[in-house]
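Colleague: Mind looking at a prediction? Sequence and model below.
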Amino acid sequence: MLTDLAKQLRADLDRAGYYPDVVAGVIDVALADEPVVSFLVHPETTFDETEVFRHLTALVLTPSRLVIAHVDDAPGEQAGPAALATTDAVALNRVRSVTLTHGVSEPARGSAMQTQELTLAVNWGTAQSVDLQPASCGDPECEADHGYTGTLAPEGVELRISAHAEGSAALRGAIDFARALSAATARNAPA
């Protein structure tokens, strides 16, 4: 039997319209019958010169874990899969940080200020990814090997939700989810 929150999650997946049955199915497997405490569904569409790329991230909070689902259009031949769906299930006591960056309009107005966008970054830090690229000196004529430069990023997820792009209801939902996640990680922090 689905709880009201699980029904709301499914309704948001349906509203996002990006393979809702696939996303709901992979989330169901990852939830392993744990109840939904809070959730955030974030569809994204990006464009390059020739193609449209769709992506959906769903964050689902349970009493003991944060379940993260990513679904993307699969690149490549038509004979292969059309979408790739990945889930992570992170124990709340493993979450190292929940970082919230608020984009605020009219900050000088004090209590009348209004958040216009929120960036939610969750780090569980069990691994780090490295993004390397060839280093250069800035001289377009130089052919010397300058090695590599790169950045280390802790394992985690980052989402940006904007009232202008996704709407004020989506932003309010993201803030509510961030509040629930922050409270849950505080209660489940390692001793």
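Modeller: Done, it's in.

Colleague: Identify each buried residue in the helix or strand hosting Ala165, please.
Modeller: In this structure, Ala165 is located in helix 163-166 according to DSSP states H and E. Buried residues in helix 163-166, counted by 16 or more other Cβ atoms under 10 Å: 163, 166. Where C-beta positions appear, they are placed from N, C-alpha and C, glycine not excepted.

Colleague: Could you name the helices and strands sitting against it?
Modeller: strand 114-134 (3 or more Cβ pairs under 8 Å, 6 or more residues apart in numbering; DSSP states H and E).

Colleague: What strands flank the strand it packs on, and is each parallel or antiparallel?
Modeller: According to DSSP bridges, strand 114-134 forms sheet pairs with strand 97-105 (antiparallel), strand 148-162 (antiparallel).

Colleague: picking up where we left off before, what's the helix holding Ala165 in contact with?
Modeller: 42, 115-117, 170-171 (Cβ atoms under 8 Å, 6 or more residues apart in numbering).

Colleague: In PyMOL, how would I select the buried members of these?
Modeller: In PyMOL, a selection of the buried entries from the contacts of helix 163-166 looks like this (16+ other Cβ under 10 Å):
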select buried, resi 42+115+117+170+171
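
Colleague: mind putting the contacts of helix 163-166 in TSV, distance to Ala180 and pLDDT included?
Modeller: Conversion of the contacts of helix 163-166 to TSV gives the following (distance: Cβ to Cβ, whole Å; pLDDT from 0 to 100):
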residue	distance to Ala180	pLDDT
His42	15	95
Thr115	16	89
Gln116	21	93
Glu117	19	95
Ala170	16	94
Leu171	15	94
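
Colleague: and which of the contacts of helix 163-166 is nearest Asp4?
Modeller: Nearest to Asp4 among these: Ala170, at 19.3 Å, using Cβ to Cβ.

Colleague: in a helix, that's where that closest one is, yeah?
Modeller: Yes - under DSSP: H, G, I helix; E, B strand; the rest coil, Ala170 sits within a helix.
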